[in-house]
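Trainee: only geometry, no sequence info:
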């Protein structure tokens, strides 16, 4: 039953309280059997993070049990989605040869690729163990989400074939990022016995927010201070992974809309030696100043607005207010 006195402030307080329970279960879940393995498994969890996915699970749990503390099952689901996310970061950093993550040395640089991959696998298994106690449909949905995460990563490595590169990239983002954020929302709804129509609404919302969040990250990767983001600017460029600003630069080139500075920038991206630190720094700086970065910002906002449209079936309530804030926060952080 809905508490007529329940407010956005009360929701935020309850989510914050429940997040502390998630944090404790997360700490317990990344423990190793000895000191060396414990340090490896807990490396990124201890580095912090936004905990967006578990927060969304906890918010969406109020769709069916508004104003109530999260059940142990909901806390387990929220922890499982964060463990799954952490596991993907271990694997992503190996594939991207990233030097930093969350302001700390990337796992594979400290322990090597093999150990980083295995640590990610352990975290996936521990997420699956938590999910195994939450019922068949959540087990299946988590497995399907895991498949989408992997397929998105695989498609990114192959690149577009007979597909528009921008549309292809957005589908990769939906798979790699949107799918797990959608799962986070769905688990909160299901485990609170919310109506199916509301759960479907937050599923679509989560997937679209994931796309918006990642496009916003593409802006932040170039436009923000590395000391604040904890990530090295231009890592994707070095690895040959084209994010939205580069794809939009290429689209302009194909349409004959690039000026000489833009053509030189694209030539350096596609043909220059970006392992040269000076050239990489120059490319990043020029991308910061190019109007494709504003176009990327607009695309992030467009996907956040699409996420907000998905919330139409949800009645006005503190939960809906919190979801609106969640979507806006995904893009408002852009520099």
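Mentor: Alright, I've got the coordinates. Remember, predicted model here, so these are calculated numbers, not experimental data. Numbers count the residues shown, from 1 in each chain.
Trainee: show me what contacts residue 87?
Mentor: By Cβ atoms under 8 Å, 6 or more residues apart in numbering, residue 87 lies in contact with 120, 121, 123, 124, 127. Quick note: C-beta positions are derived from backbone N, CA and C, even for glycine.
Trainee: PyMOL command to pick out the buried ones of these?
Mentor: In PyMOL syntax, the buried subset of these is picked out as below (16 or more other Cβ atoms under 10 Å):
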select buried, resi 120+123+124+127
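Trainee: Output the below-cut-off pLDDT ranges for the stretch 151-300 of the chain.
Mentor: Per-residue confidence of the stretch 151-300 of the chain (counting by pLDDT under 70) places the weak regions at 224-232.
Trainee: Show me the helices in it, by range?
Mentor: With DSSP state H, counting those that start in this stretch as the criterion, the stretch 151-300 of the chain has helices at 165-173, 179-191, 196-223, 226-229, 235-238, 244-254, 260-271, 277-289, 291-309.
Trainee: Mean neighbour count and distance to residue 138 for those - can I get that in TSV?
Mentor: Formatted as TSV, the entries for these read as follows, by neighbours: other Cβ atoms under 10 Å; distance: least, Cβ to Cβ, whole Å:
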stretch	mean neighbour count	distance to residue 138
helix 165-173	19	24
helix 179-191	27	6
helix 196-223	23	12
helix 226-229	12	33
helix 235-238	19	33
helix 244-254	20	32
helix 260-271	15	42
helix 277-289	15	41
helix 291-309	19	23
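Trainee: Including distance to residue 150, could the ones you listed go into a markdown table?
Mentor: Written out in a markdown table, the entries for those read as follows (distance: least, Cβ to Cβ, whole Å):
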| stretch | distance to residue 150 |
| --- | --- |
| helix 165-173 | 12 |
| helix 179-191 | 10 |
| helix 196-223 | 16 |
| helix 226-229 | 26 |
| helix 235-238 | 19 |
| helix 244-254 | 22 |
| helix 260-271 | 28 |
| helix 277-289 | 29 |
| helix 291-309 | 23 |
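Trainee: and of those, who's closest to residue 146?
Mentor: Using Cβ to Cβ as the measure, helix 179-191 is the one of those that comes nearest residue 146, at 8.8 Å.
Trainee: Are there helices or strands packed against the closest one, and which ones?
Mentor: Identification of packing neighbours for helix 179-191 by 3 or more Cβ pairs under 8 Å, 6 or more residues apart in numbering; DSSP states H and E yields helix 52-60, helix 72-96, helix 136-158, helix 196-223.
Trainee: Adding distance to residue 8 as columns, could you present those helices in JSON lines?
Mentor: Putting those into JSON lines (distance: least, Cβ to Cβ, whole Å) gives the following:
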{"stretch": "helix 52-60", "distance to residue 8": "11"}
{"stretch": "helix 72-96", "distance to residue 8": "19"}
{"stretch": "helix 136-158", "distance to residue 8": "28"}
{"stretch": "helix 196-223", "distance to residue 8": "17"}
